[in-house]
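[1] Okay, here's the prediction I keep looking at, along with the sequence it came from:
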Amino acid sequence: MTEGLATPGAGWRRADGPPSAKREKRRRRRGGGRPGGEVAMVEEAEFTSYYGRPIIKPPVWKTPDVPLYLFLGGAAGSSSILASLADVTDRPTLTRNARYVSGGAALASVVFLIHDLGRPERFLHMLRVFKPTSPLSVGSYILAPFSAAASATAAVELLGWFPRLKRFGGVVAALFGGPLATYTGVLFSNTAVPSWHAAYRELPFVFGASGMAAGGGITMALTPVGEAGPCRKMAVTGAVVELATLHRVENGMGIVSEPYHEGKAGRFMRAARACTAAGAALTVVAGRRRAGAVVAGTLLGAGSLLTRFGVFEAGMASARDPKYTVVPQRERLAARENGHASTVTR
Amino acid sequence: MTTVSSASPGLSGDGRSKNRLYGPLPDVQEEAGYDSDHPARVGFFTDTSVCIGCKACEVACKEWNLLPMDDAHGTRDVIGLSGMSYDNTGQLGANSWRHVAFIEQSRSVDLPMPSFPPAPDATSRQDAGNAPDDTAPGDSVTSAMTSVLNAESLSQFDPQTGHSGDREIRWLMSSDVCKHCTHAGCLDVCPTGALFRTEFGTVVVQQDICNGCGYCVPACPYGVIDQRKGDGRVFKCTLCYDRTLDGLQPACATACPTQSIQFGNLDELQARADARLATLKSQGVQTARLYGRDEDDGVGGAGAFFLLLDEPEVYGLPPDPVVTTRDLPAMWKSAGAAAAMIVGVALSAVLGSRRS
């Protein structure tokens, strides 16, 4: 590489429009928390692109299918764990409600996942190979047993058959519940989408904690307050962890944190934060009263849903703008040339 | 190793190689499960310094592979002008497996005048641009050739550069294509095994397997593969797998009139590219560089690599692409920790709550 950041292209500029006006200039957000960010101390992030066109392809995943799938998977996963633990500690109403939530959400999430495929009739092709390098392949082998066990457990709960089988099915669902709620973080971050990939350590925690807030909140809203103690604790813990981890995603990644604040994604994220924080606070204050539990649970569920939409839209926005692909890669190259290998081998 | 077709180098097998998720792989086909008597790895070397932007490659590719028509944004069965340049293909996608980028650039000629000692007649820029008409270029040409940073000497030997007023104009043309990476993100993340590594080391989609999950689309660091609207499956360059099997060159390389697109065994192409780069550098084209040639880059080197005359992002290519799967172990570690967190929180929530 003969040229660095300072002299891109030996003075050549794209010729259309006024000289160098098309050379995109945007303000960078503060310092940026990434190691190696100290190399590019310039306030303006200057970058070149091919007529402003995106470099990577934005995901073709549909909305609301995929955000809904993530939300339902998170709620189903955490409530299945809650159900089997409530079962062994003899909380019959909570057990039943959590099983209904996890079974219903599992079934609906499968429907949304299949509906999102370009060729839905070929959904079984997901199970013809197992590939550890593909989070979607691993996820299929988590979702398939989970949804079978969770929906069967909910069905026999509804019909009142086979009480022993019910407990076994609940345990199977609970085993796959945790991975189901968190693998979606790997699914998103294992892409070239800048604002998802950069958050690869945080996203599984964001989605897992958000799933806890949703699962805890929804079961809390459905269950009498006397039995709903575990729901309240899980929901509040989930909400706190979600807010804390999201704060890191939204502020700690330099330029690729930007899409989480702007446009549609920014509105989703702000609404999600408001709902989750209000839901958690209300759970603490009024969670032991029926009306308070219903309102708080609804707020927590809405917050979790909005988080998924916000993260989804932020990733889409970061994929559509070449800035988020070029600038971090330029900084990485500059850091490497200056002998800071830290950003490359993390 | 039971089957070849959907074997992915990463995380599988016996761990002979330490570069399963990223880094150089000397024998990518063997890593994918082929016997050691497999054919040599093939690829493209696209030398953009001789590309004339004729788009014969695009047409040949469309005809041979029966690709449907679309506009610059991938809308099917629409004739659309991009309105930004002579490039109306716009991007690589499901229906365009070759894409000729067209960039018009200018720079002000404020560089110091050439210091030809005995040539007062050669100081006018217009004269220098029309140098072939001069009757006695003589030693001024040789001195111009040695003057490396001299804009006029460059334009004299570069047919793609011209002058307009006080500005210098040049056109960059580059035929982009799937890179057939050593560590292909699309191949790694495909959950159905529809994408596979061929015996030639290329990466191909099996259209009867693909179920259109779309995961490969954002996984590609170059934005090559895309879903075809109205069909639902994904499509990309196959490096003409059908033709390579029959010992033919890919359609685009056959059609290219300037040998800008060169097809062959990858190691031969690499040697040829290194020689071409040295030639250009010796002629003073200091901005020439190879892209995708380095096996230590983020994708372990590309099967289709390029000689560029400007920064990669000028052509719409990422400056430092990294296969997204490189960080996968850390991601799974994080997901495992998060799942354990949920179980732990649920356990303490249940055990810590009194029933009332």
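    Received, thanks. Numbering: from 1, shown residues only, chains lettered A, B, ... in the order given.
[2] what secondary structure does B:Phe263 sit in?
    On the three-state scheme (DSSP: H, G, I helix; E, B strand; the rest coil), B:Phe263 is labelled strand.
[3] so what's it up against?
    For B:Phe263, the contacting residues are B:42-44, B:249-250, B:253, by C-beta atoms under 8 Å, 6 or more residues apart in numbering or on different chains. For every residue, glycine as well, the C-beta is placed using N, CA and C.
[4] Could you check how many residues crowd around the single nearest residue of chain B relative to chain A?
    Nearest residue of chain B to chain A: B:Gly212, at 1.9 Å (C-beta to the nearest C-beta). For B:Gly212, the neighbour count with other C-beta atoms under 10 Å in any protein chain shown is 22.
[5] sorry, back to before: which of the contacts of B:Phe263 sit farthest apart?
    Using C-beta to C-beta, the contacts of B:Phe263 span at most 12.0 Å, a distance reached by B:Gly43 and B:Gln249.
[6] Would you point out which residue is most central in chain A?
    Closest to where the C-alpha atoms of chain A average out (C-alpha atoms, centre = their mean) is A:Phe207, at 4.4 Å.
[7] what comes up buried for the helix or strand harbouring A:Glu313?
    Per DSSP states H and E: A:Glu313 is located in helix A:290-320. Neighbour-count burial for helix A:290-320 flags A:292-293, A:295-320 (criterion: 16 or more other C-beta atoms under 10 Å in any protein chain shown).
[8] what does the stretch 151-300 of chain B put close to chain A?
    Selection of the stretch 151-300 of chain B residues close to chain A by C-beta under 8 Å from any C-beta of the partner chain yields B:169-170, B:185, B:188-194, B:209-215, B:217-227, B:231-234, B:286-287, B:289.
[9] okay, and for the chain, where does confidence drop off?
    Using chain A. A:1-10, A:16-45, A:340-346 (pLDDT under 70).
[10] not quite, I wanted chain B
    In chain B, residues with pLDDT under 70: B:1-19, B:110-160, B:355-356.
[11] re earlier: list the single closest residue to the residue nearest to the centre of chain A in space, sequence neighbours excluded.
    Distance criterion C-beta to C-beta, 6 or more residues apart in numbering or on different chains; nearest residue to A:Phe207, sequence neighbours excluded, is A:Gly185 at 4.5 Å.
[12] Nearest spatial neighbour of the closest residue to chain B within the stretch 201-346 of chain A, chain-adjacent residues omitted?
    Per C-beta to the nearest C-beta, A:Gly229 is where the stretch 201-346 of chain A lies closest to chain B, at 3.1 Å. The spatial neighbour of A:Gly229 that comes closest, neighbours along the chain excluded (C-beta to C-beta, 6+ apart), is B:Ser353 at 3.1 Å.
[13] Got phi/psi on the one you found?
    phi -110, psi 130 (degrees, to the nearest 10).
[14] Next up, the contacts around it.
    A:229-230, A:232-233 are the contacts of B:Ser353 under C-beta under 8 Å, 6+ apart.
[15] May I see those residues arranged in CSV, with distance to A:Ser78 as well?
    Formatted as CSV, those follow (distance: C-beta to C-beta, whole Å):
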residue, distance to A:Ser78
A:Gly229, 16
A:Pro230, 11
A:Arg232, 13
A:Lys233, 12
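[16] picking up where we left off before, which of B:Gly43 and B:Gln249 has more neighbours?
    Neighbour count, other C-beta under 10 Å: between B:Gly43 and B:Gln249, B:Gly43 has more, with 28 against 17.
[17] From what I see, the more buried one and B:His180 are in contact.
    Yes. Counting by C-beta atoms under 8 Å, B:His180 is a contact partner of B:Gly43 at 6.3 Å.
[18] shared neighbours of the two, anything?
    B:201-202, B:239, B:302-304.
[19] Which residue, neighbours along the chain excluded, lies closest to B:Leu187?
    In space, B:Leu187 comes closest to B:Leu195 once its chain neighbours are excluded; the distance is 4.6 Å by C-beta to C-beta, 6+ apart.
[20] Show me what the one you found is bridged to.
    Bridge pairing for B:Leu195 (DSSP bridges) gives the partners B:Val205.
[21] Distance check, it against B:Lys281.
    B:Leu195 sits 37 Å away from B:Lys281, going by C-beta to C-beta, to the nearest Å.
[22] Equivalent analysis for B:Ser82, please.
    33 Å.
[23] One more: A:Trp161?
    A:Trp161 sits 79 Å away from B:Lys281, going by C-beta to C-beta.
[24] same check, this time on B:Val217
    Taken as C-beta to C-beta, the span from B:Val217 to B:Lys281 is 37 Å.
[25] between those two, which one's more packed in?
    Legend: neighbour count by other C-beta under 10 Å for B:Val217 and B:Lys281, higher for B:Val217 (27 against 15).
[26] sec struct for the closest residue to B:Ile261 other than its chain neighbours, please.
    In this structure, B:Ile261 finds its nearest non-sequential neighbour in B:Ala253, 4.7 Å apart by C-beta to C-beta, 6+ apart. At B:Ala253, secondary structure determined by three-state DSSP is helix.
[27] was I right about B:Ala253 contacting B:Gly43?
    No. Counting by C-beta under 8 Å, B:Ala253 does not reach B:Gly43; the two are 10.5 Å apart.
[28] Distance from the chain centre to the helix holding A:Glu313, please.
    Between the centre of helix A:290-320 and the centre of its chain there are 10 Å (C-alpha atoms, centre = their mean, to the nearest Å).
[29] now swap in stretch A:174-192 and tell me
    9 Å.
[30] Please apply the same query to stretch A:107-116.
    17 Å.
[31] List the buried residues for it?
    A:107-110, A:112-114, A:116.
[32] so which of those residues also contact chain B?
    Within the buried residues of stretch A:107-116, those near chain B by C-beta under 8 Å from any C-beta are A:Asp116.
[33] Which of the buried residues of stretch A:107-116 fall in helices?
    Within the buried residues of stretch A:107-116, residues falling in helices by DSSP state H are A:107-110, A:112-114, A:116.
[34] Just give the closest residue to B:His180, not the sequence neighbours.
    Here the residue nearest B:His180, using C-beta to C-beta, 6+ apart, is B:Gly303, at 3.2 Å.
[35] quick one, phi psi at the one you found?
    Dihedral angles (degrees, to the nearest 10) for B:Gly303: phi -80, psi -30.
[36] burial count for it?
    As a burial measure, B:Gly303 scores 25 neighbours (other C-beta under 10 Å).
[37] And the helices in the chain?
    Assuming you mean chain A. Counting by DSSP H, the helices of chain A are A:65-88, A:92-116, A:135-159, A:163-189, A:194-197, A:203-222, A:229-251, A:263-286, A:290-320, A:322-337.
[38] please go with chain B instead
    Counting by DSSP H, the helices of chain B are B:28-31, B:56-65, B:125-129, B:138-146, B:151-157, B:185-189, B:216-219, B:241-245, B:251-255, B:266-282, B:328-351.
[39] Could you say which one of those helices comes nearest to A:Leu136?
    Closest to A:Leu136 of the helices of chain B, according to C-beta to C-beta: helix B:185-189, at 6.6 Å.
[40] what residues does the closest one touch?
    Under C-beta under 8 Å, 6+ apart, the answer for helix B:185-189 is A:131, A:133-136, A:190-192, B:8, B:10, B:21, B:195-197, B:203, B:215-216, B:219-221, B:224-225, B:236, B:299, B:323-325, B:328.
[41] Using PyMOL, make a named selection holding only the buried ones among these.
    To isolate the buried members of these in PyMOL, using 16+ other C-beta under 10 Å:
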select buried, (chain A and resi 131+133+134+135+136+190+191+192) or (chain B and resi 8+10+21+195+196+197+203+215+216+219+220+221+224+225+236+299+323+324+325+328)
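[42] Next step: the contacts of helix B:185-189 restricted to strands.
    Among these, the ones falling in strands (DSSP state E) are B:195-197, B:203.
[43] so which of these comes closest to B:Arg107?
    For the ones in strands among the contacts of helix B:185-189, the residue nearest B:Arg107 by C-beta to C-beta is B:Val203; the value is 38.2 Å.
[44] rewinding a little: which single one of the buried residues of stretch A:107-116 is nearest to chain B?
    A:Asp116 (7.7 Å).
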